[in-house]
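Colleague: A structural model of the following input is requested.
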Amino acid sequence: MRILFTKLPAPLLFLLLLPPMQLQGTFSNFYLLPNFTHQEFENYIYELYGTGPTRPPSKRKIEKIVLAEEDWRPLDDPEYCSQGIRLRNVQYKMRCVQYHYFLKTTYEMLQKTCYNTVVPCEDGTDGCKKSKEAIEGVFCQLIEGTDMPNCDYESSYMHGYVLITCRWNNATREFIPHTISNMVPQT
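Modeller: Residues are numbered from 1 along each chain as shown. Reported below is the predicted structural model:
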């Protein structure tokens, strides 16, 4: 069967005349932005559409999105969460996170907590570690919005023991704080 090129719509005719594109793996030779490297583009696609963790835990990530900055705002400021989450770009696939914690402590204290004994997490599963020292923090609960940057949060000052999960990092051969599960009030 022969296809007459003159009977094809113009866009389809144009596609037939283009040389074939070679795509290897996940968009290997295709870049949306000229400044993206191959690895950056694949990381971007995975972060946008992947279902699992996008990157291994890191000190930099905890410092960027969890640790409260000294003298930025008082921890009891009602706008702490809404402003802090926007400023630090805390989101999941450009969607508002349901809750978040900012902690006034050091990374070293959180990492030391990773070596404490296992306690039940807030949801009842084992796997959390409880800090030995009470710390200050802010609990952020989403009250309005679904997509960044239109997320509004209620800020609640807290003082107590933090429950965290930790993950092993093969590169550094140490436990890295991963997720803040809860804060238990000091009694």
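Colleague: Apart from its neighbours in sequence, what residue is nearest residue 144?
Modeller: Excluding the flanking residues, the one nearest residue 144 by CB to CB, 6 or more residues apart in numbering is residue 152, at 4.2 Å. C-beta coordinates here come from the backbone N, C-alpha and C atoms, glycine included.
Colleague: For the one you found, give its distance to residue 88.
Modeller: In this structure, residue 152 and residue 88 are 16 Å apart, going by CB to CB, to the nearest Å.
Colleague: same check, this time on residue 184
Modeller: 24 Å.
Colleague: now swap in residue 108 and tell me
Modeller: Residue 108 is 20 Å from residue 88, by CB to CB.
Colleague: the more surrounded of those two?
Modeller: Shown here are residue 108 and residue 88; by other CB atoms under 10 Å, residue 88 has more neighbours (15 against 9).
Colleague: which residues touch the more buried one?
Modeller: 64-65 (CB atoms under 8 Å, 6 or more residues apart in numbering).
Colleague: make it 6 Å
Modeller: residue 65 (CB atoms under 6 Å, 6 or more residues apart in numbering).
Colleague: what about the strands in this structure?
Modeller: Per DSSP state E, the chain carries strands over the ranges 99-104, 118-120, 126-130, 135-144, 152-169, 174-185.
Colleague: Ok, which of the ones you listed comes nearest residue 82?
Modeller: Nearest to residue 82, of all those, is strand 152-169, at 4.9 Å by CB to CB.
Colleague: between the closest one and strand 126-130, how many degrees?
Modeller: On the basis of axes from the mean of the first three to the mean of the last three CA atoms, to 10 degrees, strand 152-169 is oriented at 100 degrees to strand 126-130.
Colleague: shouldn't residue 156 be in contact with residue 140?
Modeller: No. Residue 156 is beyond contact range of residue 140, at 7.8 Å (criterion: CB atoms under 6 Å).
Colleague: Of the two, give the one with the bigger neighbour count.
Modeller: Here residue 156 and residue 140 are compared on neighbour count by other CB under 10 Å; more neighbours surround residue 140, at 23 against 16.
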